[in-house]
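Asker: Below: sequence and its predicted model.
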Amino acid sequence: MTLATVRGMKDILPPESERWAALEASFRAHAGRYGFREIRTPLLERTELFARAVGETTDIVEKEMYTFTDRSGESLTVRPEGTASVVRAFIEHRPGTGDGPVRLFYIGPMFRHERPQKGRMRQFHQMGAELFGTDAPYADAETMAFLHGFLAGAGLGGVSLEVNSLGDPECRPAYNARLTEYLAARDGELCDDCRRRRVRNPLRVLDCKAERCVRATADAPSILGSLCGPCRDHFAAVEAALTSAGVPFSRNPRMVRGLDYYRRTTFEFVIPGMGAQNTVAAGGRYDGLAQLLGGKERVPAIGFAIGVERLLMLLGEGGGASPAADVFLVTTSAALLPEAFRRKMELVAAGVRADMDYEGRSMKSQFRRADRSGAKVVLVFGEEEGRRGAVGYRDMAKGIQEEIPAEEAMLRLRGVPKEG
């Protein structure tokens with residue numbers, strides 16, 4: 001029996017892997033411009049970390065996590081998302097993170113046991129960023145500007161930023177009471193999941209994509225009407241900072257997060273007209289999470305995550321072609337392969353992209369492959385030229401071949417000017 005990949009897992013091969021590498025390199029470069037530094041957390045964490053951070057009543061924790069008991073009897077989970085691990089690492093190593101705001105980004109695989117579909121696998125990948133240590137509205141605007149700039153630089157068009165405020169523990173309870181009363185009067189119009197949610201976590205009902213629930217909550221009270229003075233001022237300052245940074249946005253009062261540690265700013269980058277699956281990236285402020293995970297004090301923080309598979313799908317199938325060779329080495333006989341290989345390694349060591357045929361195929365076949373490689377120059381190793389210490393040097397763009405000393409060819413390809 002042929003062994004295949006596990007359902008929901010995927011091999012990423014060239015040229016697709018080259019698209020991945022280019023996108024990740026772009027994200028790293030963009031993060032660096034904003035002062036974010038990379039963090040790499042373990043794939044395995046204690047199950048309790050995600051139960052607390054993601055929420056024990058969420059589908060992720062109840063149905064989707066890969067959880068097992070290890071040989072010491074400890075319950076471990078393969079991470080289903082990135083933020084919880086980064087916050088845990090920040091708390092654990094905080095003395096070593098330095099003073100002032102701490103900016104961290106991550107790239108890596110996550111795991112959820114859900115039905116595989118296009119753009120969504122059981123092993124999927126996320127890129128994200130977290131900013132700790134300040135609740136200033138400028139930090140919120142900076143985080144959204146970072147993501148806005150990255151998506152634009154990646155070439156994703158038609159993306160809109162939507163923002164909202166969730167208030168804080170001072171003003172949200174009053175809103176929850178108003179929303180619960182509203183939902184109770186429409187219980188029969190809600191789906192089964194939302195009937196349960198309205199009692200345990202009413203905010204999550206507003207996030208339901210079921211058509212009947214969207215209709216039932218169309219006139220639900222807006223959380224923006226229940227904000228306390230400080231939360232109202234914070235949200236106004238975030239919007240002003242976004243305007244100052246030149247980042248266009250619109251308000252979306254229905255955008256919520258169902259967990260209590262989320263505070264104030266929440267945001268999503270969406271592509272209008274794509275229905276329920278229109279979100280490209282999402283984030284928000286989670287000032288209460290560090291304490292929930294065992295931190296001794298409240299740590300203001302804001303962050304976001306992007307699904308790599310979904311982003312690449314939205315960007316389309318372009319790009320990812322194999323990198324062109326600078327030079328292709330051709331041999332007139334198999335006896336010349338050792339010398340050609342030695343010269344190839346010499347060029348590669350000098351930073352020149354070189355390729356050659358190892359099988360001793362015909363000259364016609366080798367030149368055909370050289371043409372496909374995109375090489376600008378072809379070096380021809382022949383027996384007669386070899387006796388003179390020379391090689392054939394063909395400029396592929398001009399179609400001109402000349403015989404020059406082998407050492408001169410090496411210097412020319414390495415960009416070393418000829419002496420004299």
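Answerer: On my side now, so go ahead. This structure is a prediction, so every number in the text was calculated from the model and none was measured.

Asker: can you map out the helices along the stretch 1-150 of the chain?
Answerer: Secondary structure of the stretch 1-150 of the chain (DSSP state H, counting those that start in this stretch): helices located at 16-33, 47-53, 59, 83-92, 137-154.

Asker: Would you convert those into CSV that also reports distance to Leu166 and mean neighbour count?
Answerer: In short, each C-beta sits where N, CA and C put it, glycine included. Listed next are the helices of the stretch 1-150 of the chain as CSV, based on distance: least, CB to CB, whole Å; neighbours: other CB atoms under 10 Å:
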stretch, distance to Leu166, mean neighbour count
helix 16-33, 26, 16
helix 47-53, 17, 19
helix 59, 20, 13
helix 83-92, 16, 21
helix 137-154, 12, 21
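
Asker: ok, now which ones touch Val391?
Answerer: By CB atoms under 8 Å, 6 or more residues apart in numbering, the contact set of Val391 is 379-382, 385, 403-404, 406, 409.

Asker: Name every strand pairing with the helix or strand hosting it and say which way it goes.
Answerer: Here Val391 sits within strand 390-395, counting by DSSP states H and E. Strands that pair with strand 390-395, judged by DSSP bridges, come out as strand 377-381 (antiparallel), strand 400-405 (antiparallel).

Asker: hmm, back to that, which of the contacts of Val391 are buried?
Answerer: 379-382, 385, 404, 406, 409 (16 or more other CB atoms under 10 Å).

Asker: Would you reformat the residues you listed as a markdown table and include pLDDT?
Answerer: Formatted as a markdown table, those follow (pLDDT from 0 to 100):
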| residue | pLDDT |
| --- | --- |
| Leu379 | 95 |
| Val380 | 96 |
| Phe381 | 96 |
| Gly382 | 94 |
| Glu385 | 92 |
| Ile404 | 95 |
| Ala406 | 94 |
| Ala409 | 94 |
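
Asker: Can you add distance to His234 and give those residues back as CSV?
Answerer: Shown next, in CSV, are the buried ones among the contacts of Val391 (distance: CB to CB, whole Å):
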residue, distance to His234
Leu379, 65
Val380, 70
Phe381, 70
Gly382, 75
Glu385, 75
Ile404, 70
Ala406, 70
Ala409, 66
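
Asker: what's the closest of the residues you listed to Gly225?
Answerer: Of all the buried ones among the contacts of Val391, Gly225 sits closest to Leu379, with 73.8 Å by CB to CB.

Asker: Quick check: bridge partners of that closest one?
Answerer: Bridge pairing for Leu379 - DSSP bridges - gives Leu329, Tyr393.

Asker: Pull the strand holding Val391 out as PDB, backbone CA atoms only.
Answerer: Provided in PDB are the C-alpha atoms of strand 390-395 (Å, rounded to 0.1, in the frame of the first residue of the first chain):
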ATOM      1  CA  ALA A 390      39.600  27.700 -22.900                       C
ATOM      2  CA  VAL A 391      35.800  27.400 -23.000                       C
ATOM      3  CA  GLY A 392      33.100  28.500 -25.300                       C
ATOM      4  CA  TYR A 393      31.300  31.600 -23.900                       C
ATOM      5  CA  ARG A 394      27.800  32.100 -25.400                       C
ATOM      6  CA  ASP A 395      25.800  35.200 -24.700                       C
END
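
Asker: tell me how far it is from the chain's mean position?
Answerer: Here strand 390-395 is found 45 Å from its chain centre; the criterion is CA atoms, centre = their mean, to the nearest Å.

Asker: now stretch 115-133
Answerer: Stretch 115-133 has its C-alpha centroid displaced from the chain centroid by 7 Å (CA atoms, centre = their mean).

Asker: go on, stretch 246-266?
Answerer: That offset, for stretch 246-266, works out to 20 Å (CA atoms, centre = their mean).

Asker: repeat for stretch 171-178
Answerer: 35 Å.

Asker: and what of stretch 39-49?
Answerer: Centre-to-centre, stretch 39-49 and its host chain are 18 Å apart (CA atoms, centre = their mean).

Asker: now swap in stretch 23-40 and tell me
Answerer: Here stretch 23-40 shows a centroid-to-chain-centroid distance of 10 Å under the convention CA atoms, centre = their mean.

Asker: swap in stretch 13-20?
Answerer: That offset, for stretch 13-20, works out to 15 Å (CA atoms, centre = their mean).

Asker: Now it: average pLDDT?
Answerer: In this model, stretch 13-20 has an average pLDDT of 89.

Asker: Stretch 206-214 now?
Answerer: Confidence for stretch 206-214, expressed as mean pLDDT, is 82.

Asker: Check stretch 224-244 too.
Answerer: 93.

Asker: Just the buried residues of it, please?
Answerer: 224, 226-227, 231-232, 234-235, 238-239, 241-242.

Asker: And whichever strand or helix holds Val238, what does it pack against?
Answerer: Secondary structure assigned from DSSP H and E places Val238 in helix 229-244. Under the contact criterion of 3 or more CB pairs under 8 Å, 6 or more residues apart in numbering; DSSP states H and E, helix 229-244 touches helix 137-154, strand 160-165, strand 265-270.

Asker: so which of the ones you listed comes closest to Phe328?
Answerer: For those, proximity to Phe328 was assessed by CB to CB; helix 137-154 is nearest, at 32.1 Å.

Asker: quick one: Gly42 and Ala84 touch, right?
Answerer: You called it Gly, but residue 42 is Pro. No - counting by CB atoms under 8 Å, Pro42 does not reach Ala84; the two are 11.8 Å apart.
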